[in-house]
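Trainee: Below are the sequence and a predicted model; questions follow.
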Amino acid sequence: MHGHDALHSFPTDANLVLELSTVFDALCMTKTEPHFTAWLADGPISKGEHLSLPIPQYEITKARPDDLTLLPAIELAAARLLVGHAPGSVLAQTTSAGDFERSQRDGHLLVARANDIPVGFAHVKVLAPGILHLDEIDVHPEHGRRGVGMRLVKSVCALAEIEGFRSVTLTTFRNVRWNMPFYTKAGFEVVPHV
């Protein structure tokens with residue numbers, strides 16, 4: 001799910017953007033255990049038979065320098081979920097290497113790993129004193145719907161709390177049906193325009 005950078009292409013009066021924020025009491029005070037969903041394999045098994053595949057173990061860590069070249073592929077794969085909701089030019093955008101490098105050095109780039117391979121990330125920026133902004137969160141679709149995105153969001157909130165931020169904000173597409181329920185479940189609320 002693309003955050004702030006992906007939205008620069010839209011006119012500000014298009015009402016396509018929701019501004020969301022959360023208070024730490026509502027979100028970051030509880031720890032979440034990993035949630036994994038098993039899946040079935042299609043292929044050389046008879047109808048009615050089930051083949052269980054190993055479920056990868058996920059961990060969230062701060063990004064390492066060698067992760068940075070792998071993140072644009074995750075960005076592009078996740079962007080495919082927004083086809084029909086965002087212009088093609090937005091779907092083809094990736095975060096610059098310089099932005100990733102700065103955020104990694106600052107400790108503001110978190111990576112979700114499966115078997116030590118990046119499969120998702122959360123990129124945050126400091127927008128104002130006391131406010132950490134979740135600029136972008138992406139999970140490769142092959143690892144979607146297993147709680148990885150929620151763990152990334154909760155890790156961002158934990159990072160913000162440790163670093164002394166009062167709140168976490170983000171912007172998202174208003175017309176993507178799964179965005180609002182996801183962020184609401186995470187404890188975010190719409191911030192009215194002032």
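Mentor: Arrived safely. Bear in mind the structure is a predicted one, so any value in this text is a computation, not a measurement.
Trainee: if I look at residue 157, how far off is residue 111?
Mentor: 16 Å (Cβ to Cβ, to the nearest Å). C-beta here means a position set from N, CA and C on the backbone, and glycine is covered the same way.
Trainee: my bad, should have said residue 142
Mentor: With Cβ to Cβ as the criterion, residue 142 and residue 111 are 16 Å apart.
Trainee: Compare the two (neighbour count), which wins?
Mentor: Neighbours per residue (other Cβ atoms under 10 Å) separate residue 142 from residue 111, with residue 111 holding more: 25 against 11.
Trainee: Find the centremost residue of the protein, please.
Mentor: The residue lying closest to the centre of the chain (Cα atoms, centre = their mean) is residue 137, at 2.2 Å.
Trainee: and that one, which of the three is it?
Mentor: strand (DSSP: H, G, I helix; E, B strand; the rest coil).
Trainee: Might one say that it is in contact with residue 121?
Mentor: Yes: in this structure residue 137 lies within contact range of residue 121 using Cβ atoms under 8 Å: 7.3 Å.
Trainee: For the top strand by length along the chain, name the packing helices and strands.
Mentor: The longest strand of the chain (DSSP state E) is strand 117-128. Secondary-structure packing of strand 117-128 (3 or more Cβ pairs under 8 Å, 6 or more residues apart in numbering; DSSP states H and E): helix 71-79, helix 97-106, strand 109-114, strand 131-139, helix 148-162.
Trainee: got the angle between the first one and helix 97-106?
Mentor: What that stands for is helix 71-79. 110 degrees (axes from the mean of the first three to the mean of the last three Cα atoms, to 10 degrees).
Trainee: Grab the CA positions of helix 71-79 and hand them over as PDB.
Mentor: What follows is helix 71-79, C-alpha atoms only, in PDB (Å, rounded to 0.1, in the frame of the first residue of the first chain):
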ATOM      1  CA  LEU A  71      12.700  -3.500  -1.700                       C
ATOM      2  CA  PRO A  72      11.700  -2.000  -5.100                       C
ATOM      3  CA  ALA A  73      10.600  -5.400  -6.400                       C
ATOM      4  CA  ILE A  74       8.400  -5.700  -3.300                       C
ATOM      5  CA  GLU A  75       7.000  -2.200  -3.900                       C
ATOM      6  CA  LEU A  76       6.200  -3.000  -7.500                       C
ATOM      7  CA  ALA A  77       4.600  -6.400  -6.700                       C
ATOM      8  CA  ALA A  78       2.400  -4.800  -4.000                       C
ATOM      9  CA  ALA A  79       1.400  -2.000  -6.300                       C
END
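Trainee: Let me know the angle separating that helix from strand 131-139.
Mentor: Using the same axes, to 10 degrees: helix 71-79 against strand 131-139 is 80 degrees.
Trainee: For the chain, which element, helix or strand, carries the lowest mean pLDDT?
Mentor: helix 24-27 (a mean of 30; mean pLDDT, DSSP states H and E).
Trainee: Kind regards, and thank you for your time.
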